[in-house]
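Asker: sequence-free structure coming up:
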């Protein structure tokens with residue numbers, strides 16, 4: 001070229017150098033190539049625009065993945081992207097190897113890559129992913145470093161053997177990804193498969209329970225602790241002629257068997273099989289060896305965690321009872337869910353205790369803490385409760401003795417523990433429940449019409465705090481079709497709820513569940529409660545949870561004693577020494593009328609109940625028995641409240657002065673009730689009133 005002459009066109013220069021140009025836009029998913037680039041791709045030598053799928057079909061699938069990885073790395077580092085790729089023909093044969101150099105960019109608005117680069121054929125020793133990689137480019141090395149960082153992070157976060165195997169299955173090694181993986185373990189003197197990916201279930205049958213002396217690559221790796229690399233079927237057949245017939249039908253072309261070694265001990269082997277030939281260059285062996293080491297560490301950690309979890313769960317569940325045979329007239333269901341973190345143990349428990357005369361007792365409780373000590377104390381406390389119940393003690397005495405027992409067991413030092421508990425004795429023939437409660441949540445009652453209300457019961461301090469604590473007993477009747485739920489606070493507070501919001505959630509579940517019409521099957525309701533608050537499988541719950549359901553079936557009700565259809569009923573006693581239970585009586589009535597159409601009538605009913613019960617405690621020496629019953633269809637319902645006592649003096653109307661502090665009870669009843677009356681009885685009397693909804 002003479003000085004002063006014009007330079008030739010860039011395209012002519014590139015064509016002379018057998019270098020093609022290509023442009024790829026991920027935004028429109030199109031690849032544009034000039035004539036030389038088209039020729040190198042095995043297409044007619046003319047300018048063309050290809051779809052991504054068409055361009056991908058001309059390249060080895062592994063190399064296409066490497067191109068995308070290298071481009072992303074080049075954009076992140078602001079460097080050129082250089083990669084060697086194999087061009088394939090219609091019969092999936094490598095026709096040439098080309099080198100691509102490009103300057104990629106990323107458009108954050110379109111969220112798309114723009115790549116402009118060159119293609120040039122290079123001389124390679126032979127086809128295959130390792131051919132041409134004897135001189136590894138910096139981009140190739142960086143892509144593998146990024147892969148190892150991601151793999152190490154994912155394996156470190158796996159918490160169980162199953163999670164480790166899932167991570168291993170998803171490892172896509174840039175440039176030479178295997179299409180079958182298998183992890184071998186050792187049981188005694190035999191080789192077994194812990195997990196595999198890439199073949200149908202059952203295909204690994206011949207490789208399970210294989211003696212370690214077998215002439216099989218994985219067995220040799222476990223025996224010697226050294227990796228085995230097989231680059232071709234011929235290599236496999238010549239080195240392991242006995243095992244070759246077992247591996248032949250899988251159609252793989254290369255295999256790598258690497259030891260899984262932890263603290264100098266080979267705990268198993270990892271196999272990576274490839275459907276294309278791999279020469280296993282030093283760089284590729286380095287990647288495989290690093291992955292095997294990380295996999296061994298992850299499996300070791302997961303194995304210890306699995307063993308601890310299995311031991312803890314076995315300990316916990318061995319302390320929980322089976323509910324035993326069906327109870328005539330009653331139906332029982334229970335669930336226990338351990339914590340989602342740590343050792344997955346806790347102090348929650350439930351129990352069903354047979355008693356003489358066909359009676360039985362229900363117990364549910366929660367020992368403070370979520371560790372092995374809590375689980376151990378729970379088991380001892382459960383046994384003590386059973387022993388005290390079997391001795392024939394009443395509910396209050398059972399809890400008093402249990403509190404002294406736990407106080408002596410748990411001590412009063414820095415590691416002292418307490419426990420909440422609810423203990424209930426039930427008579428299947430009458431449905432009568434006698435409940436004593438030690439710092440535990442109150443039971444909830446789902447009535448026959450679907451109404452759900454808490455059932456306030458008398459209670460004392462948690463067990464183990466005061467060895468001389470008293471535990472008063474509450475008595476009420478479970479009617480036909482009604483279900484009682486008792487649970488630990490873990491069920492209520494799961495998912496970050498407090499006692500108030502958690503109870504509202506539980507109430508919605510109980511009211512929204514369609515029960516068995518005869519009350520004979522509580523299992524679906526127990527499942528619904530657990531599933532609604534449990535969260536995803538494997539989630540890290542801060543507390544364990546237990547729930548126990550008891551319903552009275554229609555078959556268990558004596559003829560003529562069942563309430564009428566659509567009836568809601570609550571029954572409770574208020575003793576002379578328990579004036580604080582007047583507030584519970586008001587709450588009972590308010591919850592009984594939670595969907596009443598008139599709020600004023602609800603307030604009136606609560607006021608009248610308070611007056612009637614207070615009058616009994618103030619003007620007599622007897623205890624008060626409250627019975628409130630709602631009947632009829634919504635909008636036309638009828639509330640009847642009756643308060644009974646054993647006193648002989650009948651109430652009478654008085655005319656209190658302006659400054660009088662009493663004497664207005666009957667005046668209020670006369671003003672607010674639709675009807676009322678006083679009925680003398682053989683011993684004592686009852687005063688009652690009726691409110692009609694909407695009247």
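Answerer: Ah, there it is. All figures in this text were calculated on a predicted structure; none of them were measured in a lab.
Asker: average model confidence for stretch 304-322?
Answerer: Averaging pLDDT along stretch 304-322 gives 64.
Asker: for the stretch 301-450 of the chain, which spans come out with low pLDDT?
Answerer: 305-322, 324-325, 339-346, 370, 372, 410-415 (pLDDT under 70).
Asker: what helices or strands is the lengthiest strand in the chain leaning on?
Answerer: The single longest strand within the chain, with elements called by DSSP state E, is strand 94-107. When contacts are defined as 3 or more C-beta pairs under 8 Å, 6 or more residues apart in numbering; DSSP states H and E, strand 94-107 sits against helix 61-77, strand 81-88, strand 112-122. Placement of C-beta: from N, CA and C, glycine included.
Asker: These: which one's closest to residue 437?
Answerer: The closest of the helices and strands packed on strand 94-107 to residue 437 is helix 61-77. By C-beta to C-beta, the value is 62.2 Å.
Asker: Determine the set of other helices and strands touching the closest one.
Answerer: In terms of contacts (3+ C-beta pairs under 8 Å, 6+ apart), helix 61-77 is packed against strand 81-88, strand 94-107, strand 112-122, helix 138-157.
Asker: what's the most buried one of those?
Answerer: Ranked by mean neighbour count under mean count of other C-beta atoms under 10 Å, those are led by strand 81-88, which reaches a mean of 21.
Asker: And that one, what does it pack against?
Answerer: helix 61-77, strand 94-107, strand 112-122, helix 138-157.
Asker: Run through the stretch 101-250 of the chain and note the low-pLDDT ranges.
Answerer: 124-145, 171-176, 198-207.
Asker: quick one: the helices in it?
Answerer: With helices called from DSSP state H, counting those that start in this stretch, the stretch 101-250 of the chain shows them at 138-157, 161-169, 217-224, 233-239, 244-248.
Asker: Now distance to residue 49 too, for these, in JSON lines please.
Answerer: Formatted as JSON lines, the helices of the stretch 101-250 of the chain follow (distance: least, C-beta to C-beta, whole Å):
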{"stretch": "helix 138-157", "distance to residue 49": "27"}
{"stretch": "helix 161-169", "distance to residue 49": "38"}
{"stretch": "helix 217-224", "distance to residue 49": "48"}
{"stretch": "helix 233-239", "distance to residue 49": "41"}
{"stretch": "helix 244-248", "distance to residue 49": "44"}
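Asker: Can you check which of these gets nearest to residue 407?
Answerer: helix 161-169 (42.2 Å).
Asker: Please compute how far that closest one lies from its chain's middle.
Answerer: 19 Å (C-alpha atoms, centre = their mean, to the nearest Å).
Asker: Pull the residues that contact it.
Answerer: 151, 154-155, 158, 181, 183, 194-195, 197, 270, 295, 298-299, 302-303, 306 (C-beta atoms under 8 Å, 6 or more residues apart in numbering).
Asker: Can you flag the buried ones in these?
Answerer: For the contacts of helix 161-169, a burial check counting by 16 or more other C-beta atoms under 10 Å picks out 151, 154-155, 158, 181, 183, 194-195, 197, 270, 295, 298-299, 302-303.
Asker: among the residues you listed, which are in strands?
Answerer: Reading strands off those with DSSP E, I get 181, 183, 194-195, 197, 270.
Asker: Kindly indicate which of these lies nearest residue 405.
Answerer: Nearest to residue 405 among these: residue 194, at 45.6 Å, using C-beta to C-beta.
Asker: residue contacts, the closest one?
Answerer: With C-beta under 8 Å, 6+ apart, residue 194 has these contacts: 161, 165, 183-185, 268, 299.
Asker: Pull up the gap between it and residue 256, please.
Answerer: 17 Å (C-beta to C-beta, to the nearest Å).
Asker: same question, residue 665
Answerer: 91 Å.
Asker: ok, these two, which is more surrounded?
Answerer: Set side by side, residue 665 and residue 256 show more neighbours around residue 256, with 26 against 21, by other C-beta atoms under 10 Å.
Asker: wait, the more buried one sits on residue 229?
Answerer: Yes - using C-beta atoms under 8 Å, residue 256 makes contact with residue 229 at a distance of 5.4 Å.
Asker: what's the overlap in contacts for the two?
Answerer: Joint contacts of residue 256 and residue 229 (C-beta under 8 Å, 6+ apart) are 280, 285.
Asker: picking up where we left off before, which one among the contacts of residue 194 gets closest to residue 676?
Answerer: Once C-beta to C-beta is applied, the member of those that ends up nearest residue 676 is residue 161, at 70.9 Å.
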